[in-house]
Each structure stands twice: as structure tokens, then as C-alpha cells.
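> Sequence first, predicted model second:
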Amino acid sequence: KQEVTQIPAALSVPEGENLVLNCSFTDSAIYNLQWFRQDPGKGLTSLLLIQSSQREQTSGRLNASLDKSSGRSTLYIAASQPGDSATYLCAVSTSGTYKYIFGTGTRLKVLA
Amino acid sequence: DAGVIQSPRHEVTEMGQEVTLRCKPISGHNSLFWYRQTMMRGLELLIYFNNNVPIDDSGMPEDRFSAKMPNASFSTLKIQPSEPRDSAVYFCASSFTGYSEAFFGQGTRLTVV
């Protein structure tokens, strides 16, 4: 059974810092991994999708990497801004299923 | 495209009443998902449709929950009768295929009193 863990659960950093959010999964037979952002009281916004054959994806100040063999993904945020404050969720779809299994998220606060 | 559209955004109902949540997926997307989010359990997949057909409903908590997708542009999630423990945010998501990028609606916050 796929389990997805995100560490840390919460993070508070000053504006301008580069930071890394971690996502671990127990079953390496994944089809893809997706990072989402969720603002309070809002839906989920897709940030990056990494297919199992890919090592990383980049969008603006965001870079996500995937290491299937070790069951890990990281989301790197460069030059953090107060507007980056949100909960970040990773979700993994396991090969042979259509289910995205979500981690519990990292709540990020960027201080001005 | 306006994205995935859910209605209502908020619903407050009394225990025992029927509740119907609605979802309009992104046009052209073949896959539709219903999720439930709570503080205790996080995001859980309730049911997955592909080409309007329910493929996996193993996440539906019990017979009080039912979901339909009568056509490619509309889906409903019904709870009858509702109970206080059903209180949660219910999200609908759609994707081009079951394995591609998923797009979420804004959610319906359900409160059963």
C-alpha cells in the first residue's frame, strides 16, 4: 500500500531564502508525481507534474526532482516571497491504478 | 476554460437530510475524481470516473454515498442521509487521462449539524 510522507509539516522562513520541501513514498512503482499548492479555504493548484521517466521539472522559481529508486521527491523554491505562503502537497499515482495518494502537506509561511 | 466548477461552495444541512454536490469538469477531460479533505485524514479519493463510467469506488465510505456522471460535462456526489461526520471539504478534479495532470475545483465545504 502506497504511503506518502511530507517533511517538515510546517516551515517558517524569512523572505528571500531558498528552501526545499520533501516528499517520500513507499512504493517506487509510480506512474507520476504531482506537486500542488493549496491556499487557505481554496482548492488545489497544480504546480508541477513529473512523469516516472523524468528526473526533474522546472517552472519559474520552482524545481521539482524525482528519485524513484529512493522513493523521494523534492520541491525547491528559489528566492521565496510572502506570496509563496501556502500548504504544499505532493501526490503520487502508482502504476496500474488511477489513484493519486496525497501526502499530508507542508505548511509554508514566508515572512516579509 | 473556466476550470473545474463545483457547486455549491458552502452547504450547511441538518443531520438526516440529503445533500447533492455538483461538478462540471474541464471540457475535453476524460477522467473525473471526487476527493474528500478533512483535518484528520487529509485528502482521500472517493471515486474515479473514466469516460463517464465509474472505475473505482473503493473509497466511497458507505452506502449513504453515491456518485453519478450522466454525461461528460456533469457529475454529482450525493449523501443520503447525511451525518455530522460527513462534514468536510469535497473536491472534484478532472484530467485529460487518468494518469495526466489533475485540475481541482474550489471545493464544497459541507457542514452537517
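Perfect, I can see it now.
> Tell me the pLDDT of the spatially closest residue to A:Phe102 that is not a sequence neighbour.
Nearest non-adjacent residue to A:Phe102, counting by Cβ to Cβ, 6 or more residues apart in numbering or on different chains: B:Leu43, 4.1 Å away. Where C-beta positions appear, they are placed from N, C-alpha and C, glycine not excepted. Note on B:Leu43: pLDDT of 93.
> Now B:Leu43, what are its backbone angles?
Dihedral angles of B:Leu43 (phi, psi; degrees, to the nearest 10) stand at phi -90, psi 130.
> show me the contacts for it.
Listed by Cβ atoms under 8 Å, 6 or more residues apart in numbering or on different chains, the contact partners of B:Leu43 are A:Leu89, A:Ala91, A:Phe102, B:Tyr35, B:Arg36, B:Gln37, B:Phe91.
> how about 7 Å then?
Residues in contact with B:Leu43 (Cβ atoms under 7 Å, 6 or more residues apart in numbering or on different chains) are A:Phe102, B:Tyr35, B:Gln37.
> swap in A:Thr58?
For A:Thr58, the contact set (Cβ under 7 Å, 6+ apart) is empty.
> Outside of the worst-scoring helix or strand of chain A on mean pLDDT itself, list whatever touches it.
The weakest-scoring helix or strand in chain A, judged by mean pLDDT, DSSP states H and E, is strand A:100-102 (a mean of 90). The contact list for strand A:100-102, computed with Cβ under 7 Å, 6+ apart, reads A:Gln2, A:Val4, A:Gln34, A:Leu89, A:Ala91, A:Val92, A:Ser93, B:Gly42, B:Leu43, B:Leu45, B:Ala102.
> swap in stretch B:5-15?
Residues outside stretch B:5-15 that contact it (Cβ under 7 Å, 6+ apart): B:19, B:21-24, B:82-84, B:92, B:105-113.
> How many neighbouring residues does the residue nearest to B:Gly28 when sequence neighbours are not counted have?
With sequence-adjacent residues excluded and distances taken as Cβ to Cβ, 6+ apart, B:Gly28 is closest to B:Phe96, at 6.9 Å. As a burial measure, B:Phe96 scores 14 neighbours (other Cβ atoms under 10 Å in any protein chain shown).
> Find me the pLDDT at the residue sitting nearest the centre point of chain B, would you?
Chain B has B:Trp34 as the residue nearest its centroid, 3.4 Å off, counting by Cα atoms, centre = their mean. pLDDT for B:Trp34: 97.
> so it sits in a strand?
Yes: B:Trp34: assigned to a strand according to DSSP: H, G, I helix; E, B strand; the rest coil.
> So which residues make contact with the helix or strand hosting B:Pro54?
Element membership of B:Pro54, judged by DSSP states H and E, is strand B:53-56. With contacts defined as Cβ under 7 Å, 6+ apart, strand B:53-56 is touched by A:Tyr98, A:Lys99, B:Ile47, B:Tyr48, B:Phe49, B:Ala67.
> In contact with the fourth one, which residues are there?
This means B:Tyr48. For B:Tyr48, the contact set (Cβ under 7 Å, 6+ apart) comprises A:Tyr98, B:Ser31, B:Phe33, B:Ile55, B:Asp56, B:Gly98.
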